[in-house]
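Asker: show me how the following folds:
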Amino acid sequence: MNAVPRPPALEAVNLVKVYRGGVVALKGLSTRIPMGSLFCLAGPNGAGKTTFIRISATVIRPSSGRVEVMGYSVTEEPWRVRRLVSLMPQEASPFSSTLRVFEAVYYYMLARGFSMLEAREEARRVLEELDLWQHRSRLVMELSGGLRRRVLLAMALATGAEVVFLDEPTAGLDPEARRATWGYVKRLSREGQTIVFSTHQLTEAENVADSVLLIESGRRVAEGSPRELVAKLPYRYKVVVSTEKLPDWVAESGYRVREYGSIAYVYARSSEEALRIAEEVLLEGGEARVKPVDLEDVFAEVVGGA
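Answerer: Model prediction:
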């Protein structure tokens, strides 16, 4: 007897969201996220990432289209979806001025239906994983912004929800805290949880995610694993040159060049070609560095600009 296939963790079809005043945040966005994925929504601020997450977590309703989480409609069966998901919002201040770090996670777990013993054990475990245990007795509102973000993250991850939504989870964190966060999140994903996170840092998306959905102005512009997306570029390397020292022959030679303020990227199809460009720039008194192309170059390519 054939096993019944499990539904995807999330499926969105032709998702549209228009806010009051006619602001269109999502324009027919579609995607499918398999169970156990570490999935990233990446794009600039205002691209629609937060709107997508808030709809998927049943915080707001779409204007049209549909979203299903583990087979349940976020608009027709939101109570079922809420039992399966947890959310770390991008901006939130859910803390009473009298709550301490441990209490914030512990009481949230009780509100989610955990027993007192389970809530206590899970709160301690996640606080230790995120290097917050030493802050357990401090008032949350007295913490720095970065530490408060980590408490919000602890609350979302402690639930063990099937699907976890993290909206800009590492915003404001120092490099060490970022490494600890992603190490823990990756382990949860390997253990079967589906993690959907957003970021405008494309380097972070490339280093962390199994799959990336690049969005811009509410539209899907590319989707796939970071390696697949980078492999589709017609270039393998870029030569980083100061725009003040960019030789005229570079533009005249037909190379793809993109300028970002005082920096220009000259794209090359091979390492030999990139080294040849760099050597000629150096010979003319400029400075040049050769780097492999990355997800930022993918985004620039598919949206047709910087």
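Asker: pLDDT weak spots in the chain?
Answerer: Applying pLDDT under 70 to the chain picks out residues 1-5, 92-97, 251, 304-306.
Asker: what ranges does it have for its helices?
Answerer: 49-56, 78-84, 101-111, 116-129, 145-158, 175-190, 202-208, 226-231, 248-252, 271-283, 295-303 (DSSP state H).
Asker: mean neighbour count and distance to I263 added to the ones you listed, as CSV?
Answerer: Bear in mind the C-beta positions are built from the backbone N, C-alpha and C, glycine included. Below are these laid out as CSV (neighbours: other C-beta atoms under 10 Å; distance: least, C-beta to C-beta, whole Å):
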stretch, mean neighbour count, distance to I263
helix 49-56, 24, 26
helix 78-84, 15, 44
helix 101-111, 20, 41
helix 116-129, 17, 38
helix 145-158, 22, 29
helix 175-190, 16, 22
helix 202-208, 19, 15
helix 226-231, 16, 20
helix 248-252, 12, 14
helix 271-283, 16, 13
helix 295-303, 20, 12
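Asker: using CSV, please lay out those together with distance to P169.
Answerer: Putting the helices of the chain into CSV (distance: least, C-beta to C-beta, whole Å) gives the following:
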stretch, distance to P169
helix 49-56, 11
helix 78-84, 19
helix 101-111, 15
helix 116-129, 13
helix 145-158, 6
helix 175-190, 6
helix 202-208, 10
helix 226-231, 18
helix 248-252, 40
helix 271-283, 35
helix 295-303, 18
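Asker: for those helices, which one sits closest to V241?
Answerer: Smallest distance to V241 across those (C-beta to C-beta): 5.6 Å, for helix 271-283.
Asker: and that closest one, C-alpha only, in CSV?
Answerer: C-alpha atoms of helix 271-283 as CSV (Å, rounded to 0.1, in the frame of the first residue of the first chain):
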residue,chain,number,x,y,z
SER,A,271,39.6,33.1,-13.4
GLU,A,272,42.2,33.6,-16.2
GLU,A,273,40.1,36.4,-17.7
ALA,A,274,39.6,38.0,-14.2
LEU,A,275,43.3,37.9,-13.4
ARG,A,276,44.1,39.4,-16.8
ILE,A,277,41.7,42.3,-16.2
ALA,A,278,43.1,42.8,-12.6
GLU,A,279,46.7,42.8,-13.9
GLU,A,280,46.0,45.5,-16.5
VAL,A,281,44.2,47.7,-14.0
LEU,A,282,47.2,47.3,-11.6
LEU,A,283,49.6,48.2,-14.4
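Asker: next one: that helix to chain centre, how far?
Answerer: Remark: helix 271-283 is offset 35 Å from the chain centroid, using C-alpha atoms, centre = their mean, to the nearest Å.
Asker: quick one: contacts for N207?
Answerer: Neighbour list for N207: W182 [criterion: C-beta atoms under 8 Å, 6 or more residues apart in numbering].
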